[in-house]
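Novice: Only the shape, not the letters, is given here:
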Ligand code: 8YV
């Protein structure tokens, strides 16, 4: 009999879906109208869970899966999985470590350029027909902020942080970073986040969110200052969103570009009308190439665990 899998979030690559469904009996929990009935009917037989980085799995749901052996996260962040509980139960957790680094770093740079150069507001300006009709072309658009040479502060110098740094360095940007400790990287370490914010023109969040909830609050934003930009490709909960909105409204920072939010799929409406903000619907890893690699890792991880071997990307 094929092992039974509970799938908590969609897989967008057809070939990966087909492989998953050919190897396992898959219960598509995310599509169920009556989720409780789904668990009542199948919970006792579930041996594996497939979930997304943001979705994770609650302790309450794991508790209803007595034969659960593995949670395969289709993402790199495991902050939405109760790792301590999983460890106690002997449930293995895998993540797609290394599979999405480049894409996430690419989007961080895209967002930085997007917000500093006003790419989205320029696009809206052209589409609305204002370019052709305005008496003084470009007058309503403020001049942009040069990106090359900006002082970049990276919060979290893990795989993604390093890939962001590499790219920013190619733009001639001096780079400093903060992390739990100094690391073996060719960038300046700043243990104090406030100081890093003071010394940066743009702060890029690339930290894991297991700890550090609302790391970026009013004080850090004030330190970043009216010429400073905040870029977040990590987790929404790292930022105190009401404080960010207040800082933007008061002109205490110059702008923000966000791929992630505290309460996805909801982004704060106060941001919608602002031209000093670029918003993305948590899409940093959403390319065909990366999602294919991630999906393959998820399926391979399940196969390995059920065969009693150590999977790649094993977190616990
Ligand atoms: C993934 C993420 O795209 O890797 C993560 O932790 O949050 C995202 O980049 C998401 O998990 C897709 O399922």
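Specialist: Noted; the coordinates are in hand. It should be emphasised that the depicted structure is a prediction, and the values quoted were computed from it without experimental measurement.

Novice: Could you pull up the contacting residues of the residue nearest the centre of the chain?
Specialist: In the chain, the C-alpha closest to the average C-alpha coordinate belongs to residue 234, at a distance of 3.9 Å (CA atoms, centre = their mean). By CB atoms under 8 Å, 6 or more residues apart in numbering, the contact set of residue 234 is 77, 155, 156, 160, 205, 206, 207, 208, 209, 260. For every residue, glycine as well, the C-beta is placed using N, CA and C.

Novice: neighbours of the first one, just the number please.
Specialist: Meaning residue 77. By other CB atoms under 10 Å, 18 other residues sit near residue 77.

Novice: Can you pull the phi/psi pair for residue 23?
Specialist: Residue 23 has phi and psi values of phi -90, psi -30 when expressed as degrees, to the nearest 10.

Novice: just checking, it touches residue 300?
Specialist: No - Residue 23 sits out of contact with residue 300 when judged by CB atoms under 8 Å, with a separation of 10.2 Å.

Novice: thinking again about what came up before, of the contacts of residue 234, which belong to helices?
Specialist: Secondary structure of the contacts of residue 234 is defined by DSSP state H; positions in helices are residue 160.

Novice: give me the subset of the contacts of residue 234 touching the ligand.
Specialist: The overlap between the contacts of residue 234 and the neighbourhood of the ligand (criterion: CB under 6 Å from any ligand atom) consists of residue 77.

Novice: Include pLDDT when you put the contacts of residue 234 into CSV, please.
Specialist: Listed next are these as CSV, based on pLDDT from 0 to 100:
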residue, pLDDT
77, 96
155, 98
156, 97
160, 98
205, 98
206, 98
207, 96
208, 93
209, 91
260, 98
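
Novice: Between its first and last residues, how far does stretch 88-103 reach?
Specialist: Taking CA to CA, to the nearest Å, the span from the opening residue of stretch 88-103 to its closing residue is 34 Å.

Novice: Use 44 as the first number for this chain going forward.
Specialist: Sounds good: first residue 44 from here, last item stretch 131-146.

Novice: And it, what's buried?
Specialist: With burial defined by 16 or more other CB atoms under 10 Å, the residues of stretch 131-146 counted as buried are 132, 134-140, 142-146.

Novice: which one among those residues gets closest to the ligand?
Specialist: The shortest gap between the ligand and any of the buried residues of stretch 131-146 belongs to residue 143, at 5.6 Å (CB to the nearest ligand atom).

Novice: can you pull the contacts of the spatially closest residue to residue 262 that is not a sequence neighbour?
Specialist: Of all residues not flanking residue 262 in the chain, residue 237 sits nearest, at 6.4 Å (CB to CB, 6 or more residues apart in numbering). By CB under 8 Å, 6+ apart, residue 237 lies in contact with 262, 263, 266.

Novice: Selection in PyMOL covering whichever of those residues are buried, please.
Specialist: What follows is the PyMOL syntax for the buried subset of the contacts of residue 237, where burial is set by 16+ other CB under 10 Å:
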select buried, resi 263+266
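
Novice: okay if I get the contacts of residue 237 as a markdown table plus distance to residue 333 and secondary structure?
Specialist: Compiled in a markdown table, the contacts of residue 237 are given as follows (distance: CB to CB, whole Å; DSSP: H, G, I helix; E, B strand; the rest coil):
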| residue | distance to residue 333 | secondary structure |
| --- | --- | --- |
| 262 | 35 | helix |
| 263 | 30 | helix |
| 266 | 34 | helix |
